[in-house]
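Asks: Only the shape, not the letters, is given here:
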């Protein structure tokens, strides 16, 4: 009975203890909360007829919350609803209201569903109904859904008003709330406004936390490096420090934007503070190399190389020399590295690719013979044989690889399929495809490209839709399909692919629609 009283106190806040005591009986709890029993009858379980009588007993409370099996299904439907199912949501709401069984929980569920469907009028109507019963709704999910809906419609004023209203009611904005605002500002290229929002809120109760400042910093790094530095210094003043992985990304952004002086200053400060690690060192070296500061890079590397225990700084320096065509220096450093650190798959792959790209085919063959335990070395050599038209030798080597017990990677399978397609060896290609198609979307690309090459667009779309049932396509796959179909003027098929992406991912695919606009507007490329 005491447990029942506590349950009632939670469900019906504001009732007096005496009021609750008058109704705290198991009979009335059962009348208020009806549970659908399993079809299997157990001892002590009432018959369905008896339970029906109990359910039909009028509840003395104004709010009747039921959890029948049908409503559980309805709640699941509302939770997973798609924009195209808006009319079904409206119909379900009217049906529940007609039966007078729409409690506060169901009102909240309908509100969230309308927000997911971008039905602003319905959502505002439901919100007004809820506020009559709950003047101070403290469920973050309700506020977050409304704010996200406002921002999807570009209504930043309304979303900001809701944020201030939350604060006035003493409701803490949570992680999702700030993320919605940051995503909006990032997509609308208004990162300075995002910075002002976080800065203005940082001294109020329940301010944005470190995660949101980091999200803003990475967003500014892609678009406005000066603002990224401003954000970094603001974070420092708030006591938010970067970890080694974040420093590595920070240096990467600075290097890409050519901010060598700022990057060098931060590096010296870290070095003096003794917080430098090898991952950050690798990013700093890459930033110097990317900006042509080879001598400065080698000076720092020589100072640190005797202490190195990881591959990343070595691989960075080797990569920079390879990109600048310093193949002899690269091989000399590679031999030096091999004496202290065992080269890994990534290092071997990079060295062999650099040798092939610079015409050092004999050196590449020699390195391949020494590194047959690495799958990456096989991938590079197989690709070389296929590209030079030595398809028979490529297939012979591929079967040797499998006989050695090495497991082909997704890249291996994709390489073999691509080269077989270029050699017009259709039967072998189809046999390899059937063996490997479950490895990932890259395996399907050569087959789809072959259909596009032969202008078999119907077969290409059919194969793609078949793929989506077993492998989730990535953005590159969707863009490839949109390009092939758009260039062929098949706009209806492009739209079908876009709708497939939204169905598979359960949300609007703005970037893919933007990519497809070039074909939508002109019916073809350009």
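Replies: Ah, there it is. Computed from a predicted model, the values in this text were never measured in an experiment.
Asks: List the residues that contact residue 394.
Replies: 382, 385-386, 416, 419 (Cβ atoms under 8 Å, 6 or more residues apart in numbering). Backbone N, C-alpha and C define where each C-beta goes, glycine included.
Asks: ditto for residue 384
Replies: 356, 361, 364.
Asks: Most neighbours out of the residues you listed, which is it?
Replies: When neighbours are counted by other Cβ atoms under 10 Å, residue 364 leads the contacts of residue 384 with 22 neighbours.
Asks: Leaving out sequence neighbours, find the closest residue to it.
Replies: Spatial nearest neighbour of residue 364, chain neighbours left out: residue 355 (4.0 Å); criterion: Cβ to Cβ, 6 or more residues apart in numbering.
Asks: List the buried residues in stretch 396-414.
Replies: 398, 401, 408-409, 411-414 (16 or more other Cβ atoms under 10 Å).
Asks: Give me the subset of the contacts of residue 384 lying in helices.
Replies: 356, 361, 364 (DSSP state H).
Asks: before we move on, back to that, quick check, nearest of the contacts of residue 384 to residue 280?
Replies: residue 356 (31.1 Å; Cβ to Cβ).
Asks: ok, that closest one touching residue 382?
Replies: No: in this structure residue 356 lies outside contact range of residue 382 using Cβ atoms under 8 Å: 11.8 Å.
Asks: Need the residues touching each of those two.
Replies: Shared contacts of residue 356 and residue 382, counting by Cβ under 8 Å, 6+ apart, come down to nothing at all.
Asks: quick one: the helices in the stretch 1-150 of the chain?
Replies: 2-11, 17-23, 26-32, 48-56, 69-79, 86-98, 104-116, 120-133, 140-152 (DSSP state H, counting those that start in this stretch).
Asks: quick one: which of the ones you listed has the weakest pLDDT on average?
Replies: When the helices of the stretch 1-150 of the chain are compared on mean pLDDT, helix 26-32 scores lowest, with a mean of 37.
Asks: and residue 282, how many neighbours does it have?
Replies: Count around residue 282 with other Cβ under 10 Å applied: 24.
Asks: any idea how far it is from residue 204?
Replies: The gap separating residue 282 from residue 204 is 40 Å, by Cβ to Cβ, to the nearest Å.
Asks: what do you get for residue 294?
Replies: For residue 294 relative to residue 204 (Cβ to Cβ), the value is 49 Å.
Asks: host element of residue 481?
Replies: Residue 481 is part of helix 475-487 when elements are defined by DSSP states H and E.
Asks: next structured bit after that helix?
Replies: Next element after helix 475-487 (DSSP H and E): helix 491-505.
Asks: Determine the set of other helices and strands touching that following helix.
Replies: helix 457-468, helix 475-487, helix 510-520 (3 or more Cβ pairs under 8 Å, 6 or more residues apart in numbering; DSSP states H and E).
Asks: Looking at those helices, which one is packed in the most?
Replies: helix 475-487 (a mean of 19; mean count of other Cβ atoms under 10 Å).
Asks: List the contacts of that one.
Replies: 441, 444-445, 448-449, 452, 457, 460-461, 464, 473, 491, 493-494, 497-498, 501, 509, 511-512, 515-516, 518-520, 524-525.
Asks: what's the answer for stretch 274-288, then?
Replies: 244-245, 247-249, 251-252, 254-256, 260, 263, 267, 270, 294, 296-297, 300-301, 304, 308-310, 312-313, 315-317, 319-320.
Asks: one more time with 6 Å, if that's ok
Replies: With Cβ atoms under 6 Å, 6 or more residues apart in numbering as the contact definition, stretch 274-288 has outside contacts at 244, 247-248, 251-252, 255, 263, 267, 270, 296-297, 310, 312-313, 316.
Asks: Put the buried members of the residues you listed into a ChimeraX selection.
Replies: In ChimeraX, this line selects whichever of these come out buried by 16+ other Cβ under 10 Å:
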select :247,248,251,252,255,263,267,270,297,312,313,316
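Asks: Any chance of the buried residues of stretch 396-414 in JSON lines with pLDDT as columns?
Replies: JSON lines is the format used below for the buried residues of stretch 396-414 (pLDDT from 0 to 100):
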{"residue": "398", "pLDDT": "94"}
{"residue": "401", "pLDDT": "93"}
{"residue": "408", "pLDDT": "91"}
{"residue": "409", "pLDDT": "90"}
{"residue": "411", "pLDDT": "90"}
{"residue": "412", "pLDDT": "93"}
{"residue": "413", "pLDDT": "93"}
{"residue": "414", "pLDDT": "92"}
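Asks: Which of those sits closest to residue 237?
Replies: Closest to residue 237, out of all of the buried residues of stretch 396-414 and judged by Cβ to Cβ, is residue 411, at 45.6 Å.
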